[in-house]
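Novice: sequence unknown, structure follows:
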């Protein structure tokens, strides 16, 4: 229930507003002067203020800035019997939301208050959503930096110490410990900890299957305990001194060999109980930590191996040549493993990491064609990420069904590695129908499923036209690389999912904005489609094309807080309204500013209303000072605005008239090269510029559907009769 504060020196007016608004379910407070009103405002909980202008001591216009300073989120509606245009403008400039003249009718008061309440709810929800998104993006950036740092450490003791300190800092907890399983005794010991007494660290021994950490290690499942005293599995540990709070987290550390230990977190610094988000964050840490521990152990083994090899070389001089060959091969393999780990830690793009993995593996495994796929769990199919053939790699599109008719599906379903030094006839059918290769028959085949824990991530395949090329060492190496690649792809997919969810949230805001006006519905989608076609036609990079896709969807996000009376105005905009409209590129850029991965997008959104001759806004940029993506978006935006119906004009441009207008403004408003590309697209009919889909409308009574072309419907709409139930209804006018 919202609260309305009525500040008026007339008792009658205060009682009238109280009675009217109370009947509508509002909580109403009253004050007879500014001093009394300020005292109630400072207590908080006020949503709307009804403020009289003419009051003793301090007028409403003088008190208005004080109200906005005290609570910037409160909406102020001015009420007065002495309304003038000057006082209305001054009130709006000082932050008033609306203006009502006395005497007023009930519906006028209700309409103004209801509209203010609705807008306030939207603004508060948008602010909360943006704050939540900023926190998530910041958290992900921290995880990425921490992950890169710990992957750079190779000394196991220092690595473990940095892991627990990083977790404590990022998650805001006092106690963190890493317990690793002793392979000989099957006991878990604390290898690194913060917040625990030294004696506890030195003496703690726990069997797999016993206690909290033992349960997690045995089950291989993360554990979130809200209240240890109420958990029947661990209630007996409630009095254990090292559990300072009743809530704790414990997650397994997985490598390709299985569970190697457990990460334990206890005692949140805020005193709060752990939640699912904390568990998800710690699980992400455990994935990075396990990979880093595995790399450090591998480094230690390599170091020991190198020392032993050097000793043998000194003793067995006669075998020097042979030993050197083995050493060179091993160093190349280990160098590739190290470089592959470094590459995977340096990027979160699944296609890029797959392409570079195919390049790295070519240094130690001789193959002619290769392919990496990722498993799409929702579609239950394998999507191609990258292929290699003829000495070059490339990201490509394509999918394989999840069946055993071809090797990708066979690998995914069986989760078994394949080593075929010599291809037999019964294997050839599984190799057919692939998008790589030059038509020659495959002589050798090597492949592994990409697995993280028990979860299928994808497939990794290599093939050679020669027989007898692959052997067991190649399979072992590919399994090791595949384990790292699976972790990297999983992390990249998590990051991509967060980015996707974030962008979808922003797109939903734009969709909500466009839904407020039927004339601009789907405007951003059409502008994006045309801008992408132009960008591809003039040869922009895939990164630039992707930037245009995102910027096109978000270019009008700055209008999200704009009044409906501006967006839907059927008259020429007033100077203040025009100025408010011109601020939407800068507002949109400010909305995107805190989001680091949208830095390039922000500049496109900021510049999409600049003109080629420098007379645009908000920065007055000219020519090549304007990003090429923004120049393309400006032309596509103008095209759709002219080809679509608008409530502020009666003329409807056809496709040819729009192209002529764009040509007329080339060199002044638009980049001539962009306009020429648009004309060339139309001339070659690479994609119809005036593309229009058939729309289905439904009878409001019987729900029968009818296909219509929006451009054939007049701007004011069309009346029609349902052929099934004879109901007469209106089809909304024209293409929006």
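Specialist: That came through, no problem. The structure presented is a predicted model; accordingly, all values stated were derived computationally and were not measured. Numbering: from 1, shown residues only.
Novice: so what does the helix or strand hosting residue 76 touch, helix or strand wise?
Specialist: For residue 76, the element it lies in under DSSP states H and E is strand 75-80. With contacts defined as 3 or more C-beta pairs under 8 Å, 6 or more residues apart in numbering; DSSP states H and E, strand 75-80 has these neighbours: strand 48-52, helix 60-70, helix 85-93, strand 98-101, helix 106-151. (Each C-beta comes from the backbone N, C-alpha and C, glycine too.)
Novice: Mind putting those into a markdown table with mean neighbour count and distance to residue 590?
Specialist: Formatted as a markdown table, the helices and strands packed on strand 75-80 follow (neighbours: other C-beta atoms under 10 Å; distance: least, C-beta to C-beta, whole Å):
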| stretch | mean neighbour count | distance to residue 590 |
| --- | --- | --- |
| strand 48-52 | 26 | 26 |
| helix 60-70 | 18 | 19 |
| helix 85-93 | 14 | 21 |
| strand 98-101 | 18 | 25 |
| helix 106-151 | 15 | 10 |
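Novice: Wasn't residue 188 part of a strand?
Specialist: Yes: Residue 188: assigned to a strand according to DSSP: H, G, I helix; E, B strand; the rest coil.
Novice: any idea how far it lies from residue 426?
Specialist: Relative to residue 426, residue 188 is positioned 47 Å away (C-beta to C-beta, to the nearest Å).
Novice: can you check residue 357 too?
Specialist: Using C-beta to C-beta, we find residue 357 at a distance of 30 Å from residue 426.
Novice: Tell me which of residue 188 and residue 426 has more neighbours.
Specialist: residue 188 (25 against 7; other C-beta atoms under 10 Å).
Novice: Write down the beta-bridge partners of the closest residue to the more buried one other than its chain neighbours, one by one.
Specialist: Spatially, and ignoring its direct neighbours in sequence, residue 188 is nearest to residue 179 (4.2 Å; C-beta to C-beta, 6 or more residues apart in numbering). Bridge pairing for residue 179 (DSSP bridges) gives the partners residue 190, residue 262.
Novice: Now do residue 179: how many residues are near it, please.
Specialist: By other C-beta under 10 Å, the residues close to residue 179 number 25.
Novice: got the contact list for it?
Specialist: Contacts for residue 179 (C-beta atoms under 8 Å, 6 or more residues apart in numbering) come out as 188-191, 204, 206, 213, 217, 261-262, 264.
Novice: Closest one of those residues to residue 486?
Specialist: The closest of the contacts of residue 179 to residue 486 turns out to be residue 261 (C-beta to C-beta; 19.2 Å).
Novice: Quick check: pLDDT value at the nearest residue to that closest one once chain neighbours are set aside.
Specialist: Closest residue to residue 261 apart from its sequence neighbours, by C-beta to C-beta, 6+ apart: residue 180 at 3.8 Å. Model confidence at residue 180, given as pLDDT, is 90.
Novice: Repeat that for residue 310.
Specialist: 72.
Novice: what helix or strand does it sit in?
Specialist: Here residue 310 sits within helix 276-315, counting by DSSP H and E.
Novice: Now the closest residue to residue 351 other than its chain neighbours. Its backbone dihedrals?
Specialist: Of all residues not flanking residue 351 in the chain, residue 395 sits nearest, at 3.9 Å (C-beta to C-beta, 6+ apart). The phi and psi values for residue 395, taken as degrees, to the nearest 10, are phi -80, psi 140.
Novice: looking at it, residue 395 is touching residue 383, isn't it?
Specialist: No: if you go by C-beta atoms under 8 Å, residue 395 and residue 383 don't touch, sitting 11.1 Å apart.
Novice: one step back: the residue nearest to residue 351: how many residues sit nearby?
Specialist: Look at residue 395: counted by other C-beta under 10 Å, it has 16 neighbours.
Novice: got it, and the one 3 residues further on?
Specialist: When neighbours are defined as other C-beta under 10 Å, residue 398 has 14 of them.
Novice: For residue 622, see how far away it is.
Specialist: Distance, residue 398 to residue 622, by C-beta to C-beta: 44 Å.
Novice: How about residue 554?
Specialist: 24 Å.
Novice: more crowded one of these two?
Specialist: Between residue 554 and residue 622, counting by other C-beta under 10 Å, residue 554 is the more crowded of the two (24 against 14).
Novice: I figured residue 653 hits residue 643, correct?
Specialist: Yes: Residue 653 sits in contact with residue 643 when judged by C-beta under 8 Å, with a separation of 6.0 Å.
Novice: Who has more neighbours out of these two?
Specialist: Neighbour count, other C-beta under 10 Å: between residue 653 and residue 643, residue 643 has more, with 21 against 17.
Novice: pretty sure the more buried one is touching residue 659, no?
Specialist: No: shown here, residue 643 and residue 659 do not form a contact pair, counting by C-beta under 8 Å, at 9.7 Å.
Novice: Could you chop the protein up by domain?
Specialist: 3-125, 153-298, 319-495, 516-684, 695-731 (automatic domain parsing).
Novice: Dump those domains to JSON lines, plus distance to residue 307.
Specialist: Shown next, in JSON lines, are these (distance: least, C-beta to C-beta, whole Å):
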{"stretch": "domain 3-125", "distance to residue 307": "62"}
{"stretch": "domain 153-298", "distance to residue 307": "15"}
{"stretch": "domain 319-495", "distance to residue 307": "12"}
{"stretch": "domain 516-684", "distance to residue 307": "44"}
{"stretch": "domain 695-731", "distance to residue 307": "74"}
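Novice: any idea how far residue 186 is from the residue nearest to residue 188?
Specialist: On the measure of C-beta to C-beta, residue 179 and residue 186 end up 12 Å apart.
Novice: before we move on, the earlier item: save the helices and strands packed on strand 75-80 as a markdown table, and put in mean pLDDT too.
Specialist: Listed next are these as a markdown table, based on pLDDT from 0 to 100:
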| stretch | mean pLDDT |
| --- | --- |
| strand 48-52 | 90 |
| helix 60-70 | 87 |
| helix 85-93 | 78 |
| strand 98-101 | 85 |
| helix 106-151 | 76 |
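Novice: Those into JSON lines, with extra columns for distance to residue 7?
Specialist: What follows is the helices and strands packed on strand 75-80, written out as JSON lines (distance: least, C-beta to C-beta, whole Å):
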{"stretch": "strand 48-52", "distance to residue 7": "5"}
{"stretch": "helix 60-70", "distance to residue 7": "8"}
{"stretch": "helix 85-93", "distance to residue 7": "14"}
{"stretch": "strand 98-101", "distance to residue 7": "14"}
{"stretch": "helix 106-151", "distance to residue 7": "14"}
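Novice: so which of these comes closest to residue 668?
Specialist: helix 85-93 (34.0 Å).
Novice: by contact count, what packs against the closest one?
Specialist: helix 60-70, strand 75-80, strand 98-101.
Novice: Let me have those in a markdown table, extended by distance to residue 377.
Specialist: What follows is these, written out as a markdown table (distance: least, C-beta to C-beta, whole Å):
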| stretch | distance to residue 377 |
| --- | --- |
| helix 60-70 | 50 |
| strand 75-80 | 46 |
| strand 98-101 | 50 |
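Novice: Out of these, which gets nearest to residue 602?
Specialist: Closest among the helices and strands packed on helix 85-93, using C-beta to C-beta: helix 60-70, at 28.1 Å.
Novice: Double-check residue 666 against residue 679; I have them as touching.
Specialist: No: using C-beta under 8 Å, residue 666 is not in contact with residue 679, being 9.3 Å away.
Novice: out of the two, which sits in the busier spot?
Specialist: Set side by side, residue 666 and residue 679 show more neighbours around residue 666, with 19 against 16, by other C-beta under 10 Å.
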